[in-house]
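1. here is my input; please provide its structure:
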Amino acid sequence: MDLLRSLPIGLYLEQPVTWLHRIDARVKLGWLLAFLLTPIAANPYWRLGLVVALILLTLLTGLPFRSWRKQMGLILAFGLLSFGITLFAPDGITVLRQPRLPADELAPAPAAPSTTPASPQPSPQPSPQPSPTITPLPQPTNYQYVLFERGSIRVTRRSVELAVRVSTLMFTLIYSTNLYLLTTAPEEITAGLNSLMRPLRRFNLPITELILTLTLSLRFIPLVLEEVQNLVRSVRTRAINWKKLGFRGASQVWSMIAERLLDNLLVRAEQIASAMQVRGFTSPSQHQVKWHQFRLRSRDWLTLVGLVFFWSARMMLGS
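-> Residues are numbered from 1 along each chain as shown. Coordinates of the predicted model:
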């Protein structure tokens, strides 16, 4: 399971159990939706505030530094890269436009020349008109649209706004979801979704079957990674010389590995199905699916009150 443990994104941290672990999964899901929805149509100050809030929340949670160091580092590097690319990219406002109609469309047409021959006379040369000089008008404020310009590098207010919007949105979407997965077990996530989607059973929707499928898929991911790890180790132990095989030989070897991976996964899926049938699970009416027993405690209610204040601050300060 080295491949599973080396993945820096989306892992659940079982120990130590922090105060964020003890909060109800449904309440944390509400906060996650708040972090995902409030950046929409928000000003740059609110977006930057969300980034600072996520970093402070990680520090105040008391999670070990080794558990979120790689995660935050990768996401911050990705956000800074998107910020730099968007900052120096053209903002799209100062694009030159070609007029659709000619400039002298309303000018009078020239008179037709007379048919009577006339003695040629030298046409008078037009006297050169002095080009008008445009004097810059005094500006009432020190506002400047172009903040920095040197050669082909041009930074405007619009490009800075776009860079902040893109980078903060990427960081908020990815890291808030990752922090939720870091402090919430997969079973708690599925149980919380089952509790929130319970009213949909009135419309005869198979909520229990959907949640059970989601739980099995989350549990099946480590099995897939384990099979991939075993196949990679088996290929390494055989010391295959890929240069001598060439493209055709290498493609044949990789096709055989993919076929073996698919066969192993199908065998694992068949084993899981057989285990469920042995335990008597054929339908929700015959086998009761025991989820977590959720109960809102005092800390959960305080977190919900904080969520209400969070949305109120978004309405007043974020727009």
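2. you'd agree Leu76 is up against Phe171?
-> Yes - distance between Leu76 and Phe171: 6.9 Å, which falls inside the contact criterion (Cβ atoms under 8 Å). All C-beta spots, glycine's among them, are computed from the backbone N, C-alpha and C.
3. neighbour count for the two, which is higher?
-> Phe171 (25 against 15; other Cβ atoms under 10 Å).
4. wait, the more buried one touches Val52, no?
-> No - the pair Phe171 / Val52 is not scored as a contact, 10.6 Å apart, by Cβ under 8 Å.
5. do a quick rundown of the strands in the stretch 101-250 of the chain.
-> 146-150, 153-156 (DSSP state E, counting those that start in this stretch).
6. could I get those as JSON lines with distance to Ser195?
-> Output for those, formatted as JSON lines (distance: least, Cβ to Cβ, whole Å):
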{"stretch": "strand 146-150", "distance to Ser195": "50"}
{"stretch": "strand 153-156", "distance to Ser195": "49"}
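7. pipe those strands into TSV and attach mean pLDDT and distance to Leu37 per row.
-> Putting the strands of the stretch 101-250 of the chain into TSV (pLDDT from 0 to 100; distance: least, Cβ to Cβ, whole Å) gives the following:
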stretch	mean pLDDT	distance to Leu37
strand 146-150	77	31
strand 153-156	79	29
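8. closest one to Ser82 among these?
-> Nearest to Ser82 among those is strand 153-156 (15.5 Å), distances taken as Cβ to Cβ.
9. what packs against that closest one?
-> helix 65-88, strand 146-150 (3 or more Cβ pairs under 8 Å, 6 or more residues apart in numbering; DSSP states H and E).
10. who touches the longest one?
-> So that's helix 65-88. 8-9, 13, 55, 58, 153-155, 159-160, 162-164, 166-168, 170-171, 174-175, 178-179, 182 (Cβ atoms under 8 Å, 6 or more residues apart in numbering).
11. go again using 6 Å as the cut-off
-> Here helix 65-88 makes contact (Cβ atoms under 6 Å, 6 or more residues apart in numbering) with 8, 13, 58, 159, 162-163, 166-167, 170-171, 174-175, 178.
12. and the last one, by the same measure?
-> Outside strand 146-150, the residues within contact range by Cβ under 6 Å, 6+ apart are Val155, Thr156.
13. and the nearest residue to Pro64 once chain neighbours are set aside, how far from Glu188?
-> Among residues not flanking Pro64 along the chain, Pro16 sits closest, at 7.2 Å (Cβ to Cβ, 6 or more residues apart in numbering). Separation of Pro16 from Glu188 (Cβ to Cβ, to the nearest Å) stands at 17 Å.
14. flag every buried residue along stretch 154-163.
-> Judged by neighbour count (16 or more other Cβ atoms under 10 Å), stretch 154-163 contains these buried residues: Arg154, Val155, Thr156, Ser159, Val160, Leu162, Ala163.
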